[in-house]
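# return atomic coordinates for the entry below.
(chains A, B, C and D)
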2 protein chains.
Amino acid sequence: MSDTPSPSKLELRREKQMEALLAAAEARVRQDGVASLKARDLAADIGVALGGLYNIVADMDDLMLRVNSRTLARLGAAAAQAADGLPMTTRAEALDRLVMVAQTYLRFARSDLKLWRMLFETHVTSALPAWANEDQLRLFRHIAEPLSVIMPDLSPDALTVRARTLFAAVHGVVMLGLEERLVAVPLDRLDSEIDWLTRAACG
Amino acid sequence: MSDTPSPSKLELRREKQMEALLAAAEARVRQDGVASLKARDLAADIGVALGGLYNIVADMDDLMLRVNSRTLARLGAAAAQAADGLPMTTRAEALDRLVMVAQTYLRFARSDLKLWRMLFETHVTSALPAWANEDQLRLFRHIAEPLSVIMPDLSPDALTVRARTLFAAVHGVVMLGLEERLVAVPLDRLDSEIDWLTRAACG
DNA sequence: CGCCAAATTTGAACGATGTTCAATATAAAA
DNA sequence: TTTTATATTGAACATCGTTCAAATTTGGCG
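Residues are numbered from 1 along each chain as shown, chains lettered A, B, ... in the order given. From the prediction side, this is the model:
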């Protein structure tokens, strides 16, 4: 019943090329950050001519969006795994679950630092494709669901806004903390500060 | 008793050139964002040859750092003015003051959006010059002082960390909110969400 | 297999961009 | 005025992303 009718030989090759390109791009970003993504390097990595890249992706922005989509998918999987199975009936349980998701966010950002940073350093000039938005929405369920138990009086609309506020707050702490600038939260205190922030905001 | 002995004719001109360059750069960033800073445009703006820019600043990174320093100075002035005169003896007063500083941060970011964004979009490849760090430290006093009244049991060290956490949290909400991506806090709710966050975290 | 048409791949070329530096112009000193 | 030091210039360079006419490969048909 699969409705992908004819994976023609060309389409198969295109998928291989796309996969190789995304893997090469990820490897380079992991190593040296988003600024190190050069068209010529990537073309050499996957064994096509320079112009051949533009048979696989529309341009570098398109490539970055696709890399970001993969990263978001991994982040979503990490959040899902962290929250999976944790009970959420009482307030305290929901709060624990929320803290767990926040800690998972920090852990993910630390372990995939440069790819995670890329999520926020790529600013799209044109409008985002639809699939890029769905990636983000999926993530927010891991926050909105526990939060609805913790703040049952909020309207659905207010709850959505509050979930975004909470995410943005934790995100800010992680982001500035991992920048390691002068005025950042020290790395070895990020865990406990995020724990405090989440509990203080929701308690 | 001023110990700047001889503002020689050359030095005066250099100051004029530097001022003109920074003003031109600010104007361009205000209009079109940091990505629109082009060496050739700026040289034309202030009426020097392309290579002449490098007699005024070391390179584009240097220029951006100096523009950021000016922005931070304006931000600091705005925070100082907002907090100035507000009492800070009781917990409630200190909290009000903290909320006021947070709102000021949001207001500043909105009105100087592209220059404010530039503060966090410019990555320094080399080490920051000393004067760039002092700008940041000054800002934190506006948070750490009220916070010491609100959380008197924290050690000085913990207080510093907590002030950074709080700033980062508010910063995250402002940043993601002003991005206007799909999952951001709506603009017209930013004020009240920041108010909630600050009071919830400190209450 | 042999051939042609269609599609794909190639890499040279183009326009931006930041930066350098020998040559020129300007200012200071003698 | 002549000489020396300094500042300014702008052509040249390296490095980007992107394009596109030409070369190559692929796929069907006799």
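# tell me how many other residues crowd residue A:187.
11 (other C-beta atoms under 10 Å in any protein chain shown). Bear in mind the C-beta positions are built from the backbone N, C-alpha and C, glycine included.
# how much space between it and residue A:34?
Distance, residue A:187 to residue A:34, using C-beta to C-beta, to the nearest Å: 21 Å.
# which intervals of chain A have sub-threshold pLDDT?
A:1-10 (pLDDT under 70).
# can you show me the helices along it?
Assigned helices in chain A, in chain order: A:9-32, A:39-46, A:53-56, A:60-83, A:91-111, A:113-121, A:130-150, A:156-179, A:190-202 (criterion: DSSP state H).
# which residues does the closest residue in space to residue A:71 that isn't next to it in sequence contact?
Among residues not flanking residue A:71 along the chain, residue A:115 sits closest, at 4.8 Å (C-beta to C-beta, 6 or more residues apart in numbering or on different chains). Neighbour list for residue A:115: A:26, A:29-30, A:67, A:71 [criterion: C-beta atoms under 8 Å, 6 or more residues apart in numbering or on different chains].
# and the buried ones among those residues, selectable in ChimeraX?
Selection of the buried residues among the contacts of residue A:115 in ChimeraX, burial being defined by 16 or more other C-beta atoms under 10 Å in any protein chain shown:
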select /A:26,29,67,71
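# near chain B, which residues of chain A are found?
For chain A, the residues in contact with chain B (C-beta under 8 Å from any C-beta of the partner chain) are A:35, A:121, A:128, A:133, A:136-137, A:139-140, A:161-162, A:164-165, A:167-173, A:175-177, A:181-186, A:189, A:193, A:196-197, A:200-202.
# quick check: residues of chain A near DNA strand D?
Where chain A comes near DNA strand D, counting by C-beta under 7 Å from any atom of the strand, the residues are A:9-10, A:37-40, A:50-51, A:53-54, A:59-61.
# in PyMOL, how would I select the buried members of those residues?
The buried subset of the residues of chain A next to DNA strand D, as determined by 16+ other C-beta under 10 Å, is captured in PyMOL by this line:
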select buried, chain A and resi 37+53+60
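# ok, and the closest non-adjacent residue to whatever residue of chain A ends up closest to chain B?
For chain A, the residue closest to chain B is residue A:172, as judged by C-beta to the nearest C-beta, at 1.9 Å. With C-beta to C-beta, 6+ apart as the criterion, residue A:172 has its nearest non-adjacent residue at 1.9 Å, and that residue is residue B:172.
# so how many other residues sit close to that neighbour?
With other C-beta under 10 Å as criterion, residue B:172 counts 23.
# I'd say it and residue A:165 touch.
No: counting by C-beta atoms under 8 Å, residue B:172 stays clear of residue A:165, with 9.1 Å between them.
# how near is the residue positioned nearest the centre of chain A to residue B:141?
With distances taken as C-alpha atoms, centre = their mean, the residue of chain A nearest its centroid is residue A:72 (3.1 Å). Going from residue A:72 to residue B:141 by C-beta to C-beta gives 38 Å.
# separation between the residue of chain A found nearest DNA strand C and residue A:41?
With C-beta to the nearest atom of the strand, the shortest gap between chain A and DNA strand C falls at residue A:51, namely 1.7 Å. Remark: distance between residue A:51 and residue A:41 (C-beta to C-beta) = 15 Å.
# biggest separation within the residues of chain A next to DNA strand D, which pair?
Using C-beta to C-beta, the pair of these lying farthest apart is A:9 and A:38, separated by 30.2 Å.
# what is the burial count for residue A:108?
21.
# near residue A:63, how many other residues are there?
Residue A:63: 21 neighbours (other C-beta under 10 Å).
# I'd like the distance between the residue lying closest to residue A:109 once chain neighbours are set aside and residue A:77.
For residue A:109, ignoring the flanking residues on the chain, the nearest one in space by C-beta to C-beta, 6+ apart is residue A:116 at 4.5 Å. For residue A:116, the distance to residue A:77 (C-beta to C-beta) stands at 14 Å.
# which one of these two has more residues nearby?
Between residue A:116 and residue A:77, counting by other C-beta under 10 Å, residue A:116 is the more crowded of the two (23 against 11).
# from residue A:67, how far out is the more buried one?
Residue A:116 sits 11 Å away from residue A:67, going by C-beta to C-beta.
# with residue A:155 instead?
Using C-beta to C-beta, residue A:155 is found at 37 Å from residue A:67.
# check residue A:104 too.
For residue A:104 relative to residue A:67 (C-beta to C-beta), the value is 21 Å.
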